[in-house]
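Engineer: The sequence and its predicted three-dimensional model are supplied below.
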Amino acid sequence: MSSSNFKETFKSVGAAFFGVQSDKNRQRDFTQGKLSHFIIAGLIAVVVFVTALIAIVSLVLPS
């Protein structure tokens, strides 16, 4: 797994996660991206997002 290629994939997943992915990058991802990289990056993004939500809720709600 090339780290620079995975880094670009992770940036694309992050942009798509927040809905700001450009059409040019989306087309590039579909032609050059590896499915396994997108699955791994997507799973990491979901775990980070859910963990952040749990941490925020834990801080806001009284114990």
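Structural biologist: Arrived safely.
Engineer: Now the phi/psi pair for residue 21, please.
Structural biologist: phi -70, psi 130 (degrees, to the nearest 10).
Engineer: I'd like the numbering to begin with 21 instead of 1 from here.
Structural biologist: OK, 21 is where the count begins now, so the last one is residue 41.
Engineer: contacting residues around the closest residue to it other than its chain neighbours?
Structural biologist: Spatial nearest neighbour of residue 41, excluding adjacent residues (CB to CB, 6 or more residues apart in numbering): residue 35 at 4.4 Å. In short, each C-beta sits where N, CA and C put it, glycine included. Taking CB atoms under 8 Å, 6 or more residues apart in numbering, we find residue 35 in contact with 41, 42, 45.
Engineer: so the first one touches residue 31, yeah?
Structural biologist: It stands for residue 41. No: contact criterion CB atoms under 8 Å: residue 41 and residue 31 do not qualify, at 9.7 Å.
Engineer: who's more crowded, these two?
Structural biologist: residue 41 (16 against 13; other CB atoms under 10 Å).
Engineer: do you know how far that one is from residue 74?
Structural biologist: 26 Å (CB to CB, to the nearest Å).
Engineer: cool, and residue 50?
Structural biologist: 33 Å.
Engineer: ok, now residue 27?
Structural biologist: From residue 27 to residue 74 the distance is 26 Å (CB to CB).
Engineer: How about residue 65?
Structural biologist: Per CB to CB, residue 65 is found 15 Å from residue 74.
Engineer: out of the two, which sits in the more crowded spot?
Structural biologist: Between residue 65 and residue 74, counting by other CB under 10 Å, residue 65 is the more crowded of the two (16 against 10).
Engineer: Give the buried residues for the helix with the most length in the chain.
Structural biologist: The longest helix of the chain (DSSP state H) is helix 55-80. For helix 55-80, a neighbour-count test (16 or more other CB atoms under 10 Å) marks 57, 58, 60, 61, 65 as buried.
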